[in-house]
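Participant: next come a sequence and a model predicted from it.
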Amino acid sequence: MDVLKVSSKSKPNSVAGALANSFKDKRAVEIQAVGAGALNQAIKSIAIARGYVAPTGKDLICIPAFSDIQIDGEERTAIKLIVETR
């Protein structure tokens with residue numbers, strides 16, 4: 001499964017494009033976001049990507065979860081968004 005890391009400075013259209021391209025050969029993609037700003041950009045990206053893949057007959061669903069990750073030797077809690085097609 002591909003993992004896309006999103007920050008508060010990520011451009012939603014760019015992330016949406018990467019997300020939509022991932023579904024050409026994958027069925028699920030994981031998005032990681034740490035912080036409110038990053039989560040905001042990730043959710044906007046998923047909404048935009050839904051529009052990109054809709055003409056192909058696919059619909060995107062999102063499953064949120066928590067994930068512990070290491071950033072600069074420090075353990076942080078990230079939001080993991082598993083995005084799947086149906």
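Facilitator: Great, that's in hand.
Participant: what's opposite A65 in the beta bridge?
Facilitator: Per DSSP bridges, the residues bridged to A65 are K80.
Participant: count the neighbours of it for me.
Facilitator: 10 (other CB atoms under 10 Å). Where C-beta positions appear, they are placed from N, C-alpha and C, glycine not excepted.
Participant: quick check: pLDDT value at the residue of the chain positioned farthest from its centre.
Facilitator: Most distant residue from the mean C-alpha position of the chain: G73, 23.6 Å away (CA atoms, centre = their mean). You'll see G73 listed with a pLDDT of 91.
Participant: with Q32 instead?
Facilitator: Looking at Q32, its pLDDT stands at 96.
Participant: ok, it touching D2?
Facilitator: No: Q32 is beyond contact range of D2, at 11.1 Å (criterion: CB atoms under 8 Å).
Participant: only C-alpha atoms, please: export stretch 58-73 in PDB.
Facilitator: Extracted in PDB, the C-alpha atoms of stretch 58-73 (Å, rounded to 0.1, in the frame of the first residue of the first chain):
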ATOM      1  CA  LYS A  58     -15.000   4.500  -8.700                       C
ATOM      2  CA  ASP A  59     -16.000   6.000  -5.400                       C
ATOM      3  CA  LEU A  60     -13.600   6.700  -2.600                       C
ATOM      4  CA  ILE A  61     -14.100   5.800   1.000                       C
ATOM      5  CA  CYS A  62     -12.000   6.900   3.900                       C
ATOM      6  CA  ILE A  63     -11.200   4.900   7.100                       C
ATOM      7  CA  PRO A  64      -9.500   7.000   9.800                       C
ATOM      8  CA  ALA A  65      -7.200   5.600  12.500                       C
ATOM      9  CA  PHE A  66      -4.300   6.600  14.800                       C
ATOM     10  CA  SER A  67      -0.700   5.700  14.100                       C
ATOM     11  CA  ASP A  68       2.400   6.100  16.200                       C
ATOM     12  CA  ILE A  69       5.300   7.400  14.100                       C
ATOM     13  CA  GLN A  70       8.900   8.600  14.700                       C
ATOM     14  CA  ILE A  71       9.800  12.200  13.700                       C
ATOM     15  CA  ASP A  72      13.400  13.300  14.500                       C
ATOM     16  CA  GLY A  73      13.700  10.600  17.100                       C
END
